[in-house]
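Participant: Pasting a predicted model and its sequence here:
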Amino acid sequence: MRGAEPRRMERYSLLGLVRHARHYHENWQRAWRNPEPKKSYDTVIVGGGGHGLATAYYLAKVHGVTDVAVVEKGWLGGGNTGRNTTIVRSNYLRDESSHLYEYSLKLWEGLSQELNFNVMFSPRGVLNLGHTLQEMRDIERRVGANRLNGIEAQVLDPGEINKLVPLMNCAPDSRYPVLGASWQARGGIARHDAVAWGYARSADAHGVDLLQNTEVTGIRCRNGVATGVDTSRGFIAARKVACVAAGNSGVLAAMAGLRLPIESRPLQALVSEPIKPCLDTVVMSNAVHCYISQADKGDLVIGAGTDSYNGYGQRGSFSIIEHTLQAVCELFPAFSRVRMNRHWGGIVDICPDACPIIGETPVRGLYFNCGWGTGGFKATPGSGYVFADTLAHGRPHPLAAPFSLDRFATGALVDEHGAAGVAH
Amino acid sequence: MFRIHCPHCQEVRSEEEFSYAGEAHIPRPADPSSLSDAEWGEYLHTRTNPRGPHREMWVHTAGCRRYFNVLRDTVSYEILAVYRVGEMPPERGEA
Amino acid sequence: MGGEVRRLAAGGRIDRDQALDFVFNGRALRGFAGDTLASALLANGVDVVGRSFKYGRPRGIVGHGPEEPNAIVEVGTGASRVPNLRATQVELYNGLEARSAGSSVFQRAAGAFGRLLPAGFYYKTFMSSPRAWMAWERVLRHAAGFGNAPDAADPDTYDRMNRHCDVLVIGGGPAGLSAALEAAGWGARVLLADEQSEFGGSLLAETRALGGESAAAWLAGVLAELDASGNVELLPRSMVSGYYDHNFLTIVERRSDHLGPVSAAATRERLHRVRAEQVVLATGAIERPLVFANNDLPGVMLASSVSTYVNRYAVAPGNKLLLFTTNDHGYRTALDWHRIGREVVAIVDVREDPAGAWVESAKASGIDVIGAHAIIEAVGHSRVSGAAIAPLQGNTLVGAPRRLACDLIACSGGWNPTLHLGSQTGVKPRWSESAIAFLPGDLGVGTLCAGAVAGTPALRGCLEQGALAGATAASRAGFGSGRTTRAAPEVDEPPEMPARSLFLVPHPKPVSRAPKQFVDFQLDVTAADIELAAREGYESVEHVKRYTALGFGTDQGKLGNVNGVAILAEALGKDMAEVGTTMYRPSYTPTTFGAIAGRDVGGFFDPERHTPMHGWHTAEGAEWEDVGRWKRPWYYPRPGETMQQAVNRECLAARDGLAIMDASTLGKIDIQGADAAEFLDRIYTTGFRKLGIGRCRYGLMLHEDGTIFDDGVTARLGEDRYLMHTTTGNAEVVFAWLERWHQTEWPELSVYFTSVTDHWATAALVGPKSRTVLAKVCTDIDLTGGAFPFMAVREGHVAGVPARVFRISFSGELSFEVNVPAQHGRAVWDALIDAGAEFDITPYGTETMHVLRAEKGFIIVGQDTDGSTTPADMGMDWAVRRNKPFGFLGDRSLDLSDHLREDRPQLVGLASYDAKTVLPEGGQLVDDPERQPPAPIAGHVTSSYYSARLSRPIALGMVKRGAGRMGETVYCPLADGRVVKASIVDSVFYDPKGERQNV
Amino acid sequence: MSEPPGVVCRECPDRVFANVRGDSGDLRLRRAVAQVAGLDLPREPGTWNRADRSRAYWLGPDEWLLVVEGDDGLALEERLRDALDGPFSVADVTGAQVQLELSGPDAGKVLQKSSPYDFHPRKFPPGRCAQTVFSKTTALVAAREDGAFDVVFRRSYADYLMRWLADAAAEYGYRLE
């Protein structure tokens, strides 16, 4: 299960920058190779986004499985990894999900050091606002559950919220006044591209082949066992095929003759022009339908909702943008004169219970890690970790076990609509 | 921002007036009790979710409140056909 | 520097009779009506308008429109402040106050350490420990960002207008005007939008004649004709920001910014939401700058911008012009410069042997044309003082550089069609080697391109193509034959010599060591950065964009993208088409949040629904609870009362005397038809077939997955008529649910639904005295228990108004729910209040309603249940009839293995041990309070109140295996570390036999 | 102000409303309505008919809104119920509705600010009606012969919509009658 010879990965540091500056930055090592595909691999990972690259990295690093190819139809991190609003948190309601997301958050906390690539994880705190009495009950319940699950969390009142976010409209006479919020101080944001690149660089250094511009056109199975993938660069045989291609999971499943409990929908986001720092935390609101943070560059990064219909167009309805900005102006009346620079869409795979599917399918050797809906970015490290473990051992990692495909037959759904919220 | 021809109002109307109502042609099993858990779960949750022509239901929420079927390309968002509940889509685009 | 040192004595479209005073970076300056802030700054000799983002380098004005990357200013102060405006797009008004976007000490310092900050440097450092980044981030954040957000609520208003047209023409230049004329001539509804304050586009700076008259005269004639046409709407100052599916476009109209701060009554901006049958893109093209060393020095400008400032604004932004061009078009700038009597140092033309009419004209004017040369480096400190030029063969320097003195370098690297809108629809631009440009891809039958956006270089060609596009669009929309009806005006246009491409001017030093060659001015992306990205493996154009920030600025790379793509292609050894461009996204130029939000903020953010008795509640001082969109009274505090005191009082009134609640918000659906009973049987877990006329029954509705969806009481009003009550929040969802199943699955059932939620006003008269009081105002219904039993409905009159009275109860008390048509709601309510006065009738709100129902163990769907709760979990098997012939929705799911699991959470009552502490709603329950996290969760509190009637707290909760754990103890850990001990008890706390409601 | 307002809004309180549902091809239904309200139910989608004191608006293929001036809602429902025979549904919805009349040269602009529907006279001539999105709720809008519009919406939204209309029309001059 050995892949390409591991190579020494150049160590990034301030000192290195100084050294390279002396040579006008002409001698930097490539972040990753651009290899030709081999005829076969132990494991082929379909999808070179954050989750797929993390899976490859942990397979190689933790389990020593380096005979791995990541097959990406476009460029690394080009799907939802590069399109999301980068919120990281773990304050989910159900035990199953909070364990998984908390595991992920712990990995985030040391990820830059682990990868020697600054993913700019910025634990600046996440506020989930409550605007109705029922939302406050739900917040109380979720925060209590978080604490029992070892996830530090608090309920804040409007006064405390206003101190953290002075520009927020906390007036009691607004249409949906802010009644309180849950606060997870360890939550925050990260730099999305860096996550993909950091994992890619380290996976490559461990010998994983990253095959960009390589589109999977078919999944071959014999006697109910997966044997490899057809690609735009020819057939690649594999003992295990692992699909981690958010937004295209249904299409890949169909290649293996499977259908999934998933619908793919456009999810939109937008950024403002860069402005000076004025928002130091992440603010999320389900009722008013807004989530917002300020990137290091100064842009307000704003998540909009999903469209109600299926779509692979990476663009959505303008109404969604309108509603989102109404919510932003309602919560932050001072932002009304700030201007939107860009809006865009990703494609999210949505499961009926707003939770992912991780594990083997009825086709042996064919694994899926999908259905992360609107919140997959935060799970990137954890998802890769448990999926790699699942692949390496051919049985679900304990944290992944509740998210197997058979829950849709047994009814054991992990309902996270409340905590997953509008989109996050 | 779709423009959808409502087969009942017989007018092209803007997306804001409509709601998406999921994949079309998933009839409710005649005798649910005869299905296994897996079969019932498939009816409840499994969807075709194609990239390309998709047979789906919409309802004219702000207009005549009628449900109807749409054949829509999920990549180009082109609406290939609109037809009433109980009818089948025209041949083209049937996957 | 005094006054407008660079204003020409004559010419331009400015109004010299209207001088305007303004302030820039604290300096008092003067311009004229018709100026932009940029033209006025140039007129005043302001060279440096800002500092660059990363290196803090001085920057001047480069362009004259939305492409401007440097002149980013903040206009206004306080709540009216607008950050990040481009000076080239700010119309001057008297009293305007503008500042350069902030640059910090950090940025100025960064200039010195520039070598340490290559593209992506931040990915490689600041990570010595997990905390290191947080510390660095604080510093870096303050260096980032341009302007400041306003610090208070926006005083201005915004608005939205939906529009429909047959032909939307985008761009009011020569092509767009011609298109609008033709389309309108055929009778189509035409909308013409242009981003500038005046229509005309390039014609506003055109010096040639059109059809024998001046460009200005031709323009005035066309505009008068369009204005007179009844079916054209002209939208100036209107930027088409987004192009969405099915020809939906958004246009942002600036209505008051050019007037200065005006009264709040004026709408600042209006968003037009346009649905167009056909769209004509006549968006023109933006000149491509040339990339050479130190090309960011103030005084390096686009050639077309220099011409525009000269011809349109009568401003000469310098004295000694050096023109650097790859094409004939640029020659015009030199000729314009010559015409105003200023010195043209030379024309540096990269082409081998420049020849042809334009070259001849230049030479005839005495201008030195230096062929096969390039400017390799600009020289100067805070402004250009000269340039180094060198002979060029292909892309190689073939001789020693020499210096030319100049104070203005005008660059023309060719043209980039403004194809952003077409690209927004998802259609990729295609590279054209002959046009040396990306052109719009195949946009489909709803869109036409005309003029420079389609790569058409000549004015006459633009006019002709525009007219044809207008006629074609009209015809596709059903108007006319598609033929043009008039000839385009003649323009004197000599043939041009082919242009050549040059995207990166070589330098004697390699790119990595040469002085900075800027590709993206706004974000300080250099050619070396792009090469570095490619070298490090960031090879996709999207990787390069993200790694270097190329095109990420507020100009979305309008100037830099194509050069950047070319430099990347060269570095990778690929061709342009293979590398391609990144996707352009809406908005074409940045759009004010407020304009998109429109008037739907503040009082219009979301509608409030009011019951007919709303005014009464307001007058009584009710506190409100939001339930869906409804405003419901929460409780009615009397002066000096706390919420708890008010609720206690209201509860006791309902239990012991007389209380009244407005229940109008409950969903009500009128169901009629021979198969109504059958339909209800399929929808509800409960059976309705045998319900007698005039009787009511509780119904539980499930999703197909077996979880609880809604509940409520349904009454049988006649043989084939029922009235269904839904919860307040679910009224519309349930109504759609019924229609869905009827229309899509069971059309054979003869049944119709009508929502009557708004039709009925409902007053719930509750308490032992309710019968007595109702009898005072209702004489035609026998209210006695025998004649009008519990769970029955009667029709009669209340206070003289036709009414339906239900004997149903959500409080467990004797109760009559009086329903009257809503137009009589307030009058009947008043009558009931009057009638109850002798028993101190007490209005109560939702909080008391919750306490009363919790005392009875009645659930609230959505509070006591969540998305995973089944009837069995709630101990409600009594409401589920499993043996119906057809079954019911969700029936099958009740047998799923997970739903039969024994350790599922089940509804229980909870009583705190100390009989004092009210458990927190949402509070989690554990079996072992000593256990450290992660600790297993036993359940949670769903409802919890102080019961005034029972003089102790009561609570409902969901506890795993709870039904079998009566009497056992659970613990609720609180946030402050305390733990509340509670015992599991029956969920009915009061009147378990239901004797009080049944009298 | 000597300038006449661009938009005039008149409330029409003296109306009763009935929601009628049934098979549009069912002659019994049509006859019954004709007998009670003196008009034919419009069969053409998106149209409305009027008689002396009554109007009937097409709401859907099997649904109409019947509006009668100076009547009693419950009595109208009863009369219809008595006259009808066969599968049908009739419900007094007087309490649920508010009807306005919007007139003036800028009335169309106010509609266009409120709804994505195309109210241009070319597409929406007199005799047409449409249920559509109206601000953040829905309304039934009908074009009248005199160039004015009838607007019908739900009572619980009245406060919101009346404020909305006044605000939208303010720039044109607005009068509420």
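Facilitator: It's in. All of these numbers come straight from a predicted model, not from anything done at the bench. Numbering: from 1, shown residues only, chains lettered A, B, ... in the order given.
Participant: if we look at the one helix or strand C:Glu74 maps to, which residues are touching it?
Facilitator: Under the criterion of DSSP states H and E, C:Glu74 resides in strand C:72-75. With Cβ atoms under 8 Å, 6 or more residues apart in numbering or on different chains as the test, strand C:72-75 has contacts from C:24, C:37, C:49-50, C:81-87, C:90, C:96-102, C:146-148, C:522, C:554. Glycine gets a C-beta too; all of them are placed from N, C-alpha and C.
Participant: residues in chain D within reach of chain B, list them.
Facilitator: D:45-46, D:59-61, D:63, D:116-117, D:130-133, D:138 (Cβ under 8 Å from any Cβ of the partner chain).
Participant: and the residues you listed as TSV, adding secondary structure and pLDDT?
Facilitator: Shown next, in TSV, are these (DSSP: H, G, I helix; E, B strand; the rest coil; pLDDT from 0 to 100):
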residue	secondary structure	pLDDT
D:Pro45	coil	98
D:Gly46	coil	98
D:Leu59	strand	98
D:Gly60	strand	97
D:Pro61	coil	96
D:Glu63	strand	98
D:Pro116	coil	98
D:Tyr117	coil	98
D:Ala130	strand	98
D:Gln131	strand	98
D:Thr132	strand	98
D:Val133	strand	98
D:Thr138	strand	98
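Participant: In those residues, which residue is surrounded by the most others?
Facilitator: D:Ala130 (29 neighbours; other Cβ atoms under 10 Å in any protein chain shown).
Participant: Quick check: that residue vs B:Glu11, distance?
Facilitator: 8 Å (Cβ to Cβ, to the nearest Å).
Participant: which residues are common contacts for those two?
Facilitator: D:Gly46.
Participant: C:Met643 - how many residues pack around it?
Facilitator: 12.
Participant: distance of it from chain D?
Facilitator: In this view, C:Met643 and chain D are 26 Å apart by Cβ to the nearest Cβ, to the nearest Å.
Participant: Could you find the closest non-adjacent residue to that residue?
Facilitator: C:Tyr635 (6.0 Å; Cβ to Cβ, 6 or more residues apart in numbering or on different chains).
Participant: related to what we said a few turns ago, the residues of chain D next to chain B into TSV, with extra columns for distance to C:Ile841?
Facilitator: Output for those, formatted as TSV (distance: Cβ to Cβ, whole Å):
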residue	distance to C:Ile841
D:Pro45	50
D:Gly46	49
D:Leu59	40
D:Gly60	43
D:Pro61	47
D:Glu63	40
D:Pro116	47
D:Tyr117	46
D:Ala130	45
D:Gln131	40
D:Thr132	43
D:Val133	41
D:Thr138	37
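Participant: check contacts around the residue nearest to C:Met643.
Facilitator: Contacts of C:Tyr635 (Cβ under 8 Å, 6+ apart): C:622-623, C:643, C:646-647, C:650, C:844-848.
Participant: That one bridge partners, please.
Facilitator: With DSSP bridges as the criterion, C:Tyr635 is bridged to C:Glu623.
Participant: That one and C:Glu817: what is the separation?
Facilitator: For C:Tyr635 relative to C:Glu817 (Cβ to Cβ), the value is 20 Å.
Participant: Is there a neighbour count for the residue of the stretch 101-250 of chain A at minimum distance from chain B? I'd like the number.
Facilitator: Nearest residue of the stretch 101-250 of chain A to chain B (Cβ to the nearest Cβ) works out as A:Gly250 at 3.5 Å. Residues contacting A:Gly250 under the criterion other Cβ under 10 Å number 26.
Participant: I'm done for today, thanks for sticking with me.
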